[in-house]
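S.K.: here's a sequence, model it:
(chains A, B, C and D)
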Protein chains: 2
Amino acid sequence: MVTASSKQLASSIEKNKEISINHQKLIDATIETIAKRGLADTTISHVAKQAKVSQGYANFRFKSKENLLLSSLQFLSDEYKKSWQKIFEDEHLDPVDRLLKICENDFSKKIANRNKISVWIAFYSEVKFRPSYLSVCQKQDEIYLQQMEKLIDEINTKANQKSLSAIEISESYHSMVDGLWQRILFDPKIYTNEFCKSLIIKYFKSIYQNEKKFQ
Amino acid sequence: MVTASSKQLASSIEKNKEISINHQKLIDATIETIAKRGLADTTISHVAKQAKVSQGYANFRFKSKENLLLSSLQFLSDEYKKSWQKIFEDEHLDPVDRLLKICENDFSKKIANRNKISVWIAFYSEVKFRPSYLSVCQKQDEIYLQQMEKLIDEINTKANQKSLSAIEISESYHSMVDGLWQRILFDPKIYTNEFCKSLIIKYFKSIYQNEKKFQ
DNA sequence: CAATATTGAATGATTATTCAATACAAAACT
DNA sequence: AGTTTTGTATTGAATAATCATTCAATATTG
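M.R.: This is a model prediction of the structure:
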């Protein structure tokens, strides 16, 4: 009896594993396809071919194309969130070091590469017309900004910086990052990840002139 | 003879006027349609209805949908360019005043409104896949950045500001503008044009701390 | 009466979605 | 152990909808 039940369990896990492999395979294929062909030219058929499953299956698995796209956006969003959440929560690190790590993350090859940026921008461009996209993006932004504000506030206090509020600095940072990501897509030869990061660091340097870590 | 010829001329102008009215009507309708429904959902049929001409005519007039879209992007791009070109060339104005006018223009209701921003972002998102879009956007950006750099360089010299180069400041400004435009689209209640402009001005204030015009 | 502008219905291509048919694997039964 | 049964996973061809493009027919203008 025990054996039978554990066998069943094992088989069930195995099955779920298989299922989630296909699930992730399709999401990866969606991201790759959007990056390669653009959202406008991303069809179920292209995604299915990329994922090496049949067209019918891709649709069946996610119920609809819309749902597959949304799941892919959610995946990207979660991946990004995990990467910065870890940094914000690292209490061992000095606030300035945390900020530097956030910058590093925002322009790391894993996050700020042309494939992922083109997917982000593709979704951004549709946000106004698909409330479901907006809610995924907005929810993430809000938390990021909140944590960023808290962090900047700490730095402001320590550095006795009063001319710019924490909100102002985090909003400026955030919009600069968005703008630079766009630029990486347009002209990656000029806008290398290193260049973008250094631009941002110089922004902080001009605000916190006495902080040596920004030198 | 003179009369005949001038009549002919008048008629030809009249005709061109008619033609260009339809031309512009379709471009306006394209921009409105993209703003209202998104690029993905912009069909010749929607644009034609908006412009109050037949579907066949819209296509005939612009040879293809692609061409209509490109012409609309070109129109937006030209309109924007004219607005900043005038300011950059205004030699009577003090460099700092010119910079302030550029900011004002970049966040004026005519330029930074939700309709136009959503059209810009729609095209941006396809830039990687349509070389023709890229060339329109890139050409404009290059000149803007070049002029901006020249202007900032003047201000740097006058203010004896040396820690940030003119290139660095103009790149930062430019990407911040792009990022803020995006934000106006996402959350117009928080990101009002005034708020965005003041954020930018504060950026300049932190760089040129002795310049009273940024207060 | 030309000549030109404009229409709108027809065409063909593309694409999301459906679903009957098939492959596959695990379980039940000799 | 081998065979059959059962249930699930996956396929791929058929369907129906949408859309850009074409073009013969019609309207408009000079």
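S.K.: where's the residue nearest to the spatial centre of chain A, which helix or strand?
M.R.: Nearest to the mean C-alpha position of chain A, by CA atoms, centre = their mean, lies residue A:80 at 3.1 Å. Here residue A:80 sits within helix A:65-88, counting by DSSP states H and E.
S.K.: try residue A:33
M.R.: Under the criterion of DSSP H and E, residue A:33 resides in helix A:2-37.
S.K.: model confidence over that helix, on average?
M.R.: Mean pLDDT, helix A:2-37: 67.
S.K.: and the angle from the next helix or strand after it to helix A:65-88?
M.R.: Counting by DSSP H and E, the next helix or strand C-terminal to helix A:2-37 is helix A:44-51. Counting by axes from the mean of the first three to the mean of the last three CA atoms, to 10 degrees, helix A:44-51 lies at 50 degrees to helix A:65-88.
S.K.: wondering if helix A:44-51 reaches DNA strand C at all.
M.R.: Yes: using CB under 7 Å from any atom of the strand, helix A:44-51 reaches DNA strand C at A:44-45. For every residue, glycine as well, the C-beta is placed using N, CA and C.
S.K.: helices or strands next to that helix in the packing?
M.R.: Packing partners of helix A:44-51 (3 or more CB pairs under 8 Å, 6 or more residues apart in numbering or on different chains; DSSP states H and E): helix A:2-37, helix A:55-62, helix A:65-88.
S.K.: at 7 Å what do you get?
M.R.: helix A:2-37, helix A:55-62 (3 or more CB pairs under 7 Å, 6 or more residues apart in numbering or on different chains; DSSP states H and E).
S.K.: tell me how chain A divides into domains.
M.R.: Domain assignment for chain A by automatic domain parsing gives A:1-63, A:67-209.
S.K.: centre of the chain to the last one, how far?
M.R.: Read that as domain A:67-209. What separates the centre of domain A:67-209 from the centre of its chain is 9 Å, taken as CA atoms, centre = their mean, to the nearest Å.
S.K.: wait, doesn't residue A:34 sit right on residue A:121?
M.R.: No: applying CB atoms under 7 Å, one finds residue A:34 not in contact with residue A:121, separated by 9.8 Å.
S.K.: who has more neighbours out of the two?
M.R.: Each of residue A:34 and residue A:121 has its neighbours counted (other CB atoms under 10 Å in any protein chain shown); residue A:34 has more, 28 against 23.
S.K.: coming back round to it: for the domains of chain A, state which one has the densest average packing.
M.R.: Among the domains of chain A, domain A:67-209 has the highest mean neighbour count (mean count of other CB atoms under 10 Å in any protein chain shown), at a mean of 18.
S.K.: would you mind listing what in chain A touches chain B?
M.R.: Residues of chain A that fall close to chain B, judged by CB under 7 Å from any CB of the partner chain: A:37-41, A:118, A:121-122, A:124-129, A:138, A:163-164, A:168, A:171-172, A:174-180, A:182-183, A:185-186, A:199, A:202-203, A:206-207.
S.K.: on that earlier part again, which strands and helices sit next to the helix holding residue A:80?
M.R.: Packing partners of helix A:65-88 (3+ CB pairs under 7 Å, 6+ apart): helix A:2-37, helix A:55-62, helix A:95-106, helix A:114-124, helix A:131-159.
S.K.: kindly recompute the last result at 6 Å.
M.R.: Judged by 3 or more CB pairs under 6 Å, 6 or more residues apart in numbering or on different chains; DSSP states H and E, helix A:65-88 is in contact with helix A:2-37, helix A:95-106, helix A:131-159.
S.K.: wondering if it reaches DNA strand C at all.
M.R.: Yes: residues of helix A:65-88 contacting DNA strand C under CB under 7 Å from any atom of the strand: A:65-66.
S.K.: and that helix, average pLDDT?
M.R.: Computed over helix A:65-88, the mean pLDDT rounds to 98.
S.K.: kindly report the same for stretch A:136-151.
M.R.: On average, stretch A:136-151 scores 95.
S.K.: again with stretch A:96-112
M.R.: Averaging pLDDT along stretch A:96-112 yields 98.
S.K.: hmm, back to that, mind checking which of the domains of chain A is nearest residue B:93?
M.R.: Nearest to residue B:93, of all those, is domain A:67-209, at 24.9 Å by CB to CB.
S.K.: residue A:107 and residue A:53, how far apart?
M.R.: Here residue A:107 is placed at a distance of 34 Å from residue A:53 (CB to CB, to the nearest Å).
S.K.: just want the residue of chain A that's nearest DNA strand D.
M.R.: Nearest residue of chain A to DNA strand D, counting by CB to the nearest atom of the strand: residue A:56, 1.9 Å away.
S.K.: quick check, pLDDT for that residue.
M.R.: 97.
S.K.: what sits against it?
M.R.: Contacts of residue A:56 were listed using CB atoms under 6 Å, 6 or more residues apart in numbering or on different chains, and none were found.
S.K.: follow-up on the earlier one: using a markdown table, lay out the helices and strands packed on helix A:65-88 together with distance to DNA strand C.
M.R.: Below are the helices and strands packed on helix A:65-88 laid out as a markdown table (distance: least, CB to the nearest atom of the strand, whole Å):
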| stretch | distance to DNA strand C |
| --- | --- |
| helix A:2-37 | 5 |
| helix A:95-106 | 32 |
| helix A:131-159 | 14 |
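S.K.: okay, the ones you listed in a markdown table with distance to residue B:93 next?
M.R.: Output for the helices and strands packed on helix A:65-88, formatted as a markdown table (distance: least, CB to CB, whole Å):
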| stretch | distance to residue B:93 |
| --- | --- |
| helix A:2-37 | 44 |
| helix A:95-106 | 36 |
| helix A:131-159 | 35 |
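S.K.: just so I know, which of those helices lies nearest residue B:88?
M.R.: Ranking the helices and strands packed on helix A:65-88 by their distance to residue B:88 (criterion: CB to CB) puts helix A:95-106 first, at 31.4 Å.
S.K.: contacts for that closest one, please.
M.R.: Under the contact criterion CB under 6 Å, 6+ apart, helix A:95-106 has outside partners A:83-84, A:87, A:151, A:154-155, A:177, A:197, A:200, A:213.
S.K.: for stretch A:80-90, same thing?
M.R.: The contact list for stretch A:80-90, computed with CB under 6 Å, 6+ apart, reads A:98, A:101-102, A:105, A:140, A:147.
S.K.: got CSV for those, with distance to residue A:69 too?
M.R.: Shown next, in CSV, are the contacts of stretch A:80-90 (distance: CB to CB, whole Å):
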residue, distance to residue A:69
A:98, 34
A:101, 31
A:102, 28
A:105, 25
A:140, 16
A:147, 27
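S.K.: now, which of those residues sits nearest residue A:75?
M.R.: Checking the contacts of stretch A:80-90 against residue A:75 by CB to CB gives residue A:140 as the nearest, at 12.1 Å.
S.K.: distance check, the nearest residue to the closest one once chain neighbours are set aside against residue A:141.
M.R.: Of all residues not flanking residue A:140 in the chain, residue A:77 sits nearest, at 5.1 Å (CB to CB, 6 or more residues apart in numbering or on different chains). Distance, residue A:77 to residue A:141, using CB to CB: 10 Å.
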